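Kindly return the folded structure for what I paste below:
(3 chains)
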Amino acid sequence: MSPSPASSPAYNTPNYLNAEKGVRSWLTTLDHKRIGVMYLALTLFGFFLGGVFALLIRIELLTPGPTVMDAMTYNRMFTLHGVIMIFLFMIPAIPGIFGNFFIPLMIGAQDVAFPRINLLSVYLYLLGAAIAVWGMIQGGTDTGWTFYTPYSTTTVTTVAPVLLGAFILGMGSIVTGLNFIVTVHTMRAPGVTWMRLPLFVWAMYATSVIQVLATPVLGMTLLLVAFEKVFGFGIFDPARGGDPILFQHLFWFYSHPAVYIMILPAMGVVSEVVQSAARKNMFGYKAVAFSSLGIAFVGFFVWGHHLFTSGQSTFASGVFGVLSMFVGLFTAIKVFNWTATLYQGAIQVSAPFVYFMGFLYFLIFGGLTGIALSTVSLDVHWQDTYFVVAHFHFIMVGGTIMAFLAGLHYWWPKMFGKMYSERWALAASVLVMVGFNATFIPQFLLGNMGMPRRYYSYPEQFQALNVASTAGASLLGFGFFLILFYLVASLAKGRASGPNPWFSRGYEWNTPSPPNLLNFPETPVIDRGPHEYQDGPAAEVKHAH
Amino acid sequence: MHTDAAAAPSRLAHHFPDMKTQEHAARMGMWLFLSTEILLFAVLFTAYALYRFLFPVGFEEASRLAHVAMGATNTVVLITSSLTVALAIHYARLGENRKVVGLLAVTILFGVTFMVLKGVEYHHHWVDGQLPGRMYHFAGLSGPGVSMYFALYFLMTGLHGLHVLIGMGLLSWVAFRAMRGEFGPNYSTPVELSGLYWHLIDLIWIFLFPLLYLL
Amino acid sequence: MTAATHSEGKHLGPAQYVMVWAALMVLTGVTLAVWKMEFSYAARVGIALGVALVKSALVAIFFMHLWEERGVARLVLVVSGLMVTLLIGFTLLDNATRFPYANPPYSESWKDEPWQKDAPPMQAEPPPIRTAPKSQAEHPAGHKP
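Residues are numbered from 1 along each chain as shown, chains lettered A, B, ... in the order given. Got it, this is the predicted structure:
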C-alpha cells in the first residue's frame, strides 16, 4: 500500500469541512464529500417527516374506531408516509450519502466523474421534494405511494404535483446512478482492478445500473397518469379501451427493481462493516460481488409478483412467481458469505457490528417471508394484508435502515473526525431492535388473521396486537431520537477519532479523518485487495491495540 | 499527468488524470443518458404494443387517418439531418470549424422543417377532432381502440417533438462554439455528444414512422 | 497527446457516411413500397419492424460511431434494447394469456366471447383518408376548420 500515511506532512492541509466557510460555499460546492453531507442532512429530514407520519398512523390504529383522524386524513397520512419514506429517504439515502462520500475515496479518485451534475442531483432532490410535499399539503394525495389507476385518475384529491415531484426526484436518482457508473469505470486509481473494488462499490455499481435503466420507466408512467388525470387521454381508462393493469406493469417494472435500489447499497455497507468488525477478508469476494449484479439482473424479471391478484393471467403469475425465488438464491449467497466471514474472525463488538447482526436477522426473516409471498397460492391469501406490510418493512426498515445505521456509525468518525459514545450507541441499538420487532411481528400475525392494510379502522379482536405494534413503534421512534441526539452531541463534544478508529484496512481509511479537501495529494497506487488482513485476524488485533 | 495538463490546460478538470480519460467518461455518460431516453420511450412503445395487440382493427383504421406524405417527408428530412450531423462531427475532428457551422445550420433547418410539418399534421388532426381520449370527436371513424391510437400518436410524436426541440437547442449552442473556432483534433467532444443525441432522435423516429403511419 | 480515444484508421469518411445515408433512403423506400403493396397483416408488421431494426442498426453503428467505440457504449445500447424487449414481452405475455374479460372491453381477446356482440361497431364513414390532408370543404358538418 503506497499512499502516504495519514500522519505525513502532505496531509496537513485544511479538511473538507473547514477548508471553505459559509453557507454559500456549501450550496455551490462541487466536492463529493460535502454533497454527501448535504444528502445526509436532507434525507435525515425526510426520514424524520416520514417517521412522524408513521407514528400518526400507529396512533390512529390504537383503537378500532376513529382515534385522532377521519378516514380521508388517514389515507393522506399513509400516502405521505410512503411517498416520503420511499422517494425522500430509502432511495436517495445510502447512494446519496455514503455513495457520494466514499466511492471516490474507495477507488482512489479525487471526485466523481461529473461533479457539477452531482450537485445538480441535490437540487433536483430539493425541487422534487418541495413540489411533492407542497402537492401533498395542498391537495393531500390519498392514493398510497403506488398511485394505482383508476383510483389515482379519478380521486378528488390533487395527484399531479406529487407525480411531478416524484418524476423530478427520479431524475435526481438517475443522475446519481449515471455518475457512479462512469466514475467506477473511468476513475479507478492505478492498481484498483475490478477484482480489487471494495464490495460497497460493487453494490453501488449494481444499484446504479438499476437506477439508470428502471427510473425512466417510472418517470414516464407517472407523467402518463398526470396526463390522464388532467386531459383524459384514456391510456389507463377501461371506458376508452385502456387497461389499468398496464399501469401496474409499468409501475412495478421500476418499483420492484427499486426495492433493490434500496437493499443493494445496504448489502454493500454491511459487506464493509463485517470485514472490518471481524478483521477478516470477505469469504467468497467474487460470489458477493457478482451476486450484487445477479440481484440487479434478476430484479428486472420479477415485477409481476405484485400483480398476482390484480387480474394478471395465471400463467404470467406462475412465471413471475418462480422467477422471484431466484432473488432468494442470490441473497442467500450473500448471507452465507457474510456469516462465513465471521467464522474465526476476531470480532470487535461495537455499534456497527450490532447493527450488522440486526440486519442479518431482519433480512433473513423478511427474505423468507418474501419467498412465501412469491408463492402464488399463498399470496392470494396474504395480498393487501398486514402480512405484506410487515414483510416489506422487515426488508426496508429492518434491512436497509439497520445497514444505514451500521454505515452511519462505522463511517461517522471518517466523515466528521469525531467518535460517538459507544455506550449510548449500544443502548440505542437495543431500543431500535426491540422496538422494531415489537412493531412488526404483531403485524405479521394481524395479516395472517386477515387484517387488510390501508384501513383506518378494524374489528375489535385485532386491538391487542395493534396496541403492541403502536407501543413498539413508539420505542422505535424513541431509539431513533436517541441516536440523533448522541450523534449530534458527538459533533460538539465527541473525542477526536483519529484517522482510523476501527483499524480497518478498507481503502477509504487511508485518508485522514475527516478527509482533506483534496482527497489525495497525489494519485494513490493500490497494491493489495480491500480489507486484506494478511497477518491473520489475531495478529492484526494485537498490532492494532 | 503534468505534460497532459500542459497540452490542454483549460479543458482538463482537476479530478481527471488526462483528457483521454475525461472524454471517455463524457462519452460513456452520454451513452448512459441515451439509454435512459430509450427506456423513457419504452413506456410508450409498450403501451403501443399492448393496445395494438388488443385493438388491431381500431389501430389499423385509425392509422389510415395519419398523413403519410408528411410523415414520409419527415423521415427523409430527419435521416438527412443525421447525415449532416455525422459530417459535422467528422469536420469538427479535423478542425474545419466553418464547415461544422454550415452543416449544423443545415441540420437545424431540417429540424425546423420537421417541426413545421409536424405542426401542420397536428393542426389537421386538431381541426378534424382526431384527438386523444375524451377529446376525440371525429365523426368519420369510431370504434374500440380508435381514440387510443390518437392518444398514443400524440404522446409519442409529442415527446419526440420535444426532443427535436431540445436537440435543436443543443446543436445551436454547439454551432455557436464552432463559430468561435473551438473545435479541432484535440477537442470535439461537445459536437460528438450533441450529435449522439440527434442521432437518437432519428433512431426513435425510424420506429415511430412505420408504427404510427403505415401499419 | 491526442484526443481521439479510438484507434486511428477505423474512422469513417464523408463518402462512407453518404453511403449509409443512401442505404437508409433505400430502406425507407422499401418500407413505403411494402405498405403500398398491402401484404398480409403479419407480413407487413414483420417487414416494417425488420426494416426499422436494420435502419436503426445502421444509424447506431455508423452515425453514432459504435463502430469505433470501446465496449461499454455497445453494451449500454444492447442492454437498453433488452430491457425494452423485456418490458414489452412480459406485459404482452400477461395480456395474451389472461382471462378474456380481464382485458379492456371489446378488445381482441373478447373476440370469441358472447359479450363481444355488444361491441360498438367499427364505423369508417366517410372513407378513410389515405395521403394528403383534405380540403376544408370535405370536413364533416359541425367541425369548422
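
in which helix or strand would I find the closest residue in space to B:Ser35 that isn't next to it in sequence?
In space, B:Ser35 comes closest to C:Ser80 once its chain neighbours are excluded; the distance is 4.2 Å by C-beta to C-beta, 6 or more residues apart in numbering or on different chains. To be clear about C-beta, it is placed using only N, CA and C from the backbone, and glycine gets the same treatment. Taking DSSP states H and E as the criterion, C:Ser80 maps to helix C:71-97.

And the strands in chain B?
B:141-142 (DSSP state E).

Show me how far the helix holding C:Ser80 is from its chain's centre.
Chain-centre distance of helix C:71-97: 15 Å, with C-alpha atoms, centre = their mean, to the nearest Å.

what do you get for stretch A:291-305?
Going by C-alpha atoms, centre = their mean, the spacing between the C-alpha centre of stretch A:291-305 and its chain's C-alpha centre is 17 Å.

Show the end-to-end separation of that stretch, please.
Across stretch A:291-305, the straight-line distance between its terminal residues is 21 Å, by C-alpha to C-alpha, to the nearest Å.

does chain C sit close to that stretch?
Yes: looking at stretch A:291-305 against chain C by C-beta under 8 Å from any C-beta of the partner chain, the contacts come from A:Phe300, A:Phe301, A:Trp303, A:Gly304.

can that stretch be found next to chain B?
No: judged by C-beta under 8 Å from any C-beta, stretch A:291-305 makes no contact with chain B; its nearest approach is 11.2 Å.

Now render the residues of stretch A:291-305 next to chain C as TSV, adding distance to A:Gln312.
Supplementary listing: the residues of stretch A:291-305 next to chain C in TSV, determined by distance: C-beta to C-beta, whole Å:
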residue	distance to A:Gln312
A:Phe300	17
A:Phe301	15
A:Trp303	11
A:Gly304	6
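
picking up where we left off before, only the buried residues of the helix holding C:Ser80, if you could.
Neighbour counts over helix C:71-97 (16 or more other C-beta atoms under 10 Å in any protein chain shown) mark C:72-73, C:76-77, C:79-81, C:83-84, C:86-88, C:90-97 as buried.

which residues touch A:Ser490?
A:Ser490 makes contact with A:Trp412, A:Phe416, A:Lys418, A:Met419, A:Tyr420, A:Ser421, according to C-beta atoms under 8 Å, 6 or more residues apart in numbering or on different chains.

do A:Ala496 as well
Going by C-beta under 8 Å, 6+ apart, A:Ala496 touches A:Gly417, A:Lys418, A:Met419.

ok, now C:Glu38?
For C:Glu38, the contacting residues are C:Arg44, by C-beta under 8 Å, 6+ apart.

Against C:Gly50, how distant is it?
The spacing between C:Glu38 and C:Gly50, counted by C-beta to C-beta, to the nearest Å, is 18 Å.

Tell me which entries of the contacts of A:Ala496 lie within helices.
Of the positions in these, not one sits in helices, assigned by DSSP state H.

between those, which is nearest chain B?
Taking C-beta to the nearest C-beta as the measure, A:Gly417 is the one of the contacts of A:Ala496 closest to chain B, at 22.8 Å.

What are the phi and psi values at the residue nearest to B:Gln130 when sequence neighbours are not counted?
Distances taken as C-beta to C-beta, 6+ apart place B:Phe138 nearest to B:Gln130, at 4.7 Å, with adjacent residues excluded. Backbone torsions for B:Phe138, taken as degrees, to the nearest 10, come to phi -80, psi 120.

B:Phe138: neighbouring residues, count only.
Using other C-beta atoms under 10 Å in any protein chain shown, B:Phe138 has 19 neighbouring residues.

Hmm, B:Asp128 and it touching each other?
Yes: contact criterion C-beta atoms under 8 Å: B:Phe138 and B:Asp128 qualify, at 5.3 Å.

can you pull the contacts of the residue nearest to B:Ser35?
Under the criterion of C-beta under 8 Å, 6+ apart, the contact list for C:Ser80 reads A:Leu213, B:Leu34, B:Ser35, B:Ile38, B:Leu39.

Do you know the pLDDT at residue 22?
Assuming you mean chain A. You'll see A:Gly22 listed with a pLDDT of 86.

that's the wrong chain, I wanted chain B
Per-residue confidence for B:Gln22 comes out at a pLDDT of 91.

can you tell me which residues contact the closest residue to it other than its chain neighbours?
Setting aside the residues directly before and after it, B:Gln22 is nearest to B:Phe16 in space (C-beta to C-beta, 6+ apart), at 4.1 Å. Contact partners of B:Phe16, counting by C-beta under 8 Å, 6+ apart, are A:Met187, B:Gln22, B:Ala25.

okay, now A:Phe394: neighbour count?
Other residues within reach of A:Phe394, judged by other C-beta under 10 Å, total 26.

sec struct for it, please.
Secondary structure of A:Phe394, reduced to three states by DSSP: H, G, I helix; E, B strand; the rest coil: helix.

Next one, pLDDT for C:Pro114 please.
82.
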